[in-house]
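Asks: Model the structure of this input:
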Amino acid sequence: MVGVAALLVIPGAVPVQDELTRLLAAAYAIRGTIPYSWGGGHAARPGPSLGTCAGYKGKIKPCPAKKTRGLDCSGLARWVYHIGYGWDVLGPGNTDSHLKRLSKISTPRPGDLVFYGTRKRTHHVGIYIGQGKMINAYATGTTVRVDDVKVLDDLLGYYRY
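Replies: Got it, this is the predicted structure:
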């Protein structure tokens, strides 16, 4: 988390020119530093928070989310977009509610969101960084990391704010 603060606070540390630059810098800065937490990132303000065990179906038992300050996939997207745009553009909610605020695009570019599932029921989102890769809060027991967009087999598509 110190990396994100340094990117945004220290003058001259990183040239911050626009929303896209800020959100990608934030996404890269938190790789490997923030744990996945089911329901994390959905407090009143975007950012790491304790998760919830409601609806948890992860492999690690008992559910560690209530004791883990971190982000789930939509919490990651919400926080990074908040940093990039300067306000909570995606708002609270899950991948389904976030998808409603975005436009589907055919040619992705870094900073677009990658959704998985169906149009009626999504279940995962990542932040596209190019070359078939995304920054991703994947699952309990991992930290925010870079994955191939093919890590899941039900890619719905790419969406842009």
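Asks: Just give me the neighbour total for Val114.
Replies: 26 (other Cβ atoms under 10 Å). (C-beta placed from N, C-alpha, C; glycine too.)
Asks: ok so it is a helix residue?
Replies: No. The assignment for Val114, made by DSSP: H, G, I helix; E, B strand; the rest coil, is strand rather than a helix.
Asks: Now do the closest residue to it other than its chain neighbours: how many residues are near it, please.
Replies: Once flanking residues are discounted, Val114 sits nearest to Gly126: 4.5 Å by Cβ to Cβ, 6 or more residues apart in numbering. Gly126 is flanked by 28 other residues according to other Cβ under 10 Å.
Asks: Any buried residues in the host helix or strand of Gly126, and which?
Replies: Using DSSP states H and E, Gly126 maps to strand 122-130. For strand 122-130, a neighbour-count test (16 or more other Cβ atoms under 10 Å) marks Thr122, His123, His124, Val125, Gly126, Ile127, Tyr128, Ile129 as buried.
Asks: who are the neighbours in contact with Lys133?
Replies: By Cβ atoms under 8 Å, 6 or more residues apart in numbering, the contact set of Lys133 is Val146, Asp147, Asp148, Val149.
Asks: so how far is Leu156 from the last one?
Replies: Read it as Val149. From Val149 over to Leu156 the distance is 11 Å, taken as Cβ to Cβ, to the nearest Å.
Asks: same check, this time on Ala44
Replies: If you go by Cβ to Cβ, the gap between Ala44 and Leu156 works out to 28 Å.
Asks: if you count what's nearby, which of the two comes out ahead?
Replies: With neighbours defined as other Cβ under 10 Å, Ala44 and Leu156 compare such that Leu156 has more, 20 against 7.
Asks: Report the contact partners of that one.
Replies: Phe115, Tyr116, Gly117, Thr118, Arg119, Thr122.
Asks: can you check Arg69 too?
Replies: Neighbouring residues of Arg69 by Cβ under 8 Å, 6+ apart: Pro35, Ser37, Gly40, Pro48, Ser49, Leu50.
Asks: Kindly report the same for Ala137.
Replies: Ile34, Tyr36, Gly40, Gly41, Gly70, Leu71, Asp72, Cys73, Gly75, Leu76, Gly126, Val144.
Asks: Skip the chain neighbours and tell me the closest residue to it.
Replies: The shortest distance from Ala137 to any non-neighbouring residue, by Cβ to Cβ, 6+ apart, is to Leu76 (4.2 Å).
Asks: cool, and Thr140?
Replies: Nearest one to Thr140, counting by Cβ to Cβ, 6+ apart, is Gly58 at 3.9 Å.
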